[in-house]
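# This is the structure alone, sequence omitted:
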């Protein structure tokens with residue numbers, strides 16, 4: 001009998017059960033109340049990374065209690081008052097035992113998202129007839145709302161005079177956050193944070209090179225799920241040139257478009273260390289409620305293990321020797337001098 005190949009890996013020197021993680025999601029509780037709690041519990045049980053978004057309905061400290069071994073933190077740019085808020089969040093993350101910090105670089109400005117406008121999931125919130133019908137016909141959602149209450153962005157409470165409503169939080173973010181981290185600011189956060197530091201939103205080899213030179217430990221190759229500008233390159237197309245430029249000097253995570261274990265295997269074969277998913281885990285909540293994230297992790301791991309077996313790979317690392325034909329990928333030559 002042939003045993004299924006294992007999926008365990010190390011990321012930044014720390015063991016995880018699979019090269020799969022829950023990507024940072026802004027305010028997932030607005031889509032499914034209690035989302036962050038379910039994500040954290042499932043990730044801790046499965047020993048895969050969970051990146052808490054700073055716009056969360058649980059605090060950094062609460063998330064660290066739920067997922068002490070696997071918690072990462074995503075951070076937006078808060079430039080006012082010499083990054084007072086950002087630096088305080090870094091100190092809180094360190095005190096809570098967060099395992100890695102991820103600076104978000106791929107949403108320098110807020111863009112219009114037509115589907116959000118149409119659905120009413122925006123600020124100010126609009127309770128449309130469609131939303132009423134969706135709620136009435138979604139028992140998992142209703143139960144979770146009764147159990148967890150209306151979502152509030154409590155991680156930012158210390159900086160908002162105790163206000164945590166979605167409306168107040170939206171006003172606060174628009175006033176305090178924005179723009180992409182400059183290289184000088186990245187250097188400041190590198191000095192302030194002693195653990196693994198990742199830069200999320202890298203799509204160009206020149207940026208990857210400069211990030212590595214600045215001391216970044218990990219690059220997240222992502223187009224923000226196509227939600228900022230849908231004309232950006234697919235993450236998987238940008239990956240090979242970035243991997244070639246970096247040459248193993250930093251770990252690489254692919255985000256955006258990761259839907260299965262096969263997708264994770266493709267990413268690793270093209271030079272990544274792991275694949276993170278966001279939408280898939282939100283969909284899992286809609287399908288199975290609080291049981292969804294754990295089931296989704298199992299699906300990723302089972303699919304990845306089966307893919308390894310079909311390719312004749314005994315470990316995840318052996319995927320790097322698999323020959324890959326990817327006609328849509330960019331090469332270093334496409335970017336000229338880097």
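Structure received. Owing to the predicted nature of the structure, the values given are computational and were not obtained by experimental measurement.

# Let's test this: name the helix or strand in the chain with the lowest mean pLDDT.
helix 114-119 (a mean of 68; mean pLDDT, DSSP states H and E).

# Now the element after that one, going C-ward?
Where DSSP states H and E defines the elements, the next helix or strand beyond helix 114-119 is helix 129-136.

# What helices and strands are in contact with that following helix?
helix 139-148 (3 or more C-beta pairs under 8 Å, 6 or more residues apart in numbering; DSSP states H and E). (C-beta placed from N, C-alpha, C; glycine too.)

# Return the set of buried residues in the helix it packs on.
140, 141, 144, 145, 148 (16 or more other C-beta atoms under 10 Å).

# got the contact list for that helix?
Residues outside helix 139-148 that contact it (C-beta atoms under 8 Å, 6 or more residues apart in numbering) are 29, 32-34, 37, 57, 134-136, 285-286, 288-290.

# what separates it from the chain centre, distance-wise?
In terms of C-alpha atoms, centre = their mean, to the nearest Å, the centre of helix 139-148 is found 24 Å from the chain centre.

# report the angle between the axes of it and helix 129-136?
Following axes from the mean of the first three to the mean of the last three C-alpha atoms, to 10 degrees, one obtains 80 degrees for the angle between helix 139-148 and helix 129-136.

# pLDDT of helix 139-148, averaged?
For helix 139-148, mean pLDDT rounds to 79.

# Same check on stretch 211-230?
Rounded mean pLDDT across stretch 211-230 is 87.

# any idea how far it is from the chain center?
10 Å.

# Report the buried residues of it.
211-212, 216-225, 227-228.

# any chance of these in CSV, with secondary structure and distance to residue 129 too?
Shown next, in CSV, are those (DSSP: H, G, I helix; E, B strand; the rest coil; distance: C-beta to C-beta, whole Å):
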residue, secondary structure, distance to residue 129
211, helix, 47
212, helix, 51
216, coil, 47
217, coil, 48
218, strand, 44
219, strand, 44
220, strand, 38
221, strand, 40
222, coil, 35
223, coil, 33
224, helix, 30
225, helix, 27
227, coil, 25
228, coil, 29
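
# Return the closest of the residues you listed with respect to residue 169.
residue 227 (18.6 Å; C-beta to C-beta).

# tell me the contacts of residue 163?
Taking C-beta under 8 Å, 6+ apart, one finds 157, 169, 172 in contact with residue 163.

# same thing but 10 Å
152, 153, 156, 157, 169, 171, 172 (C-beta atoms under 10 Å, 6 or more residues apart in numbering).

# Done for today, thanks.
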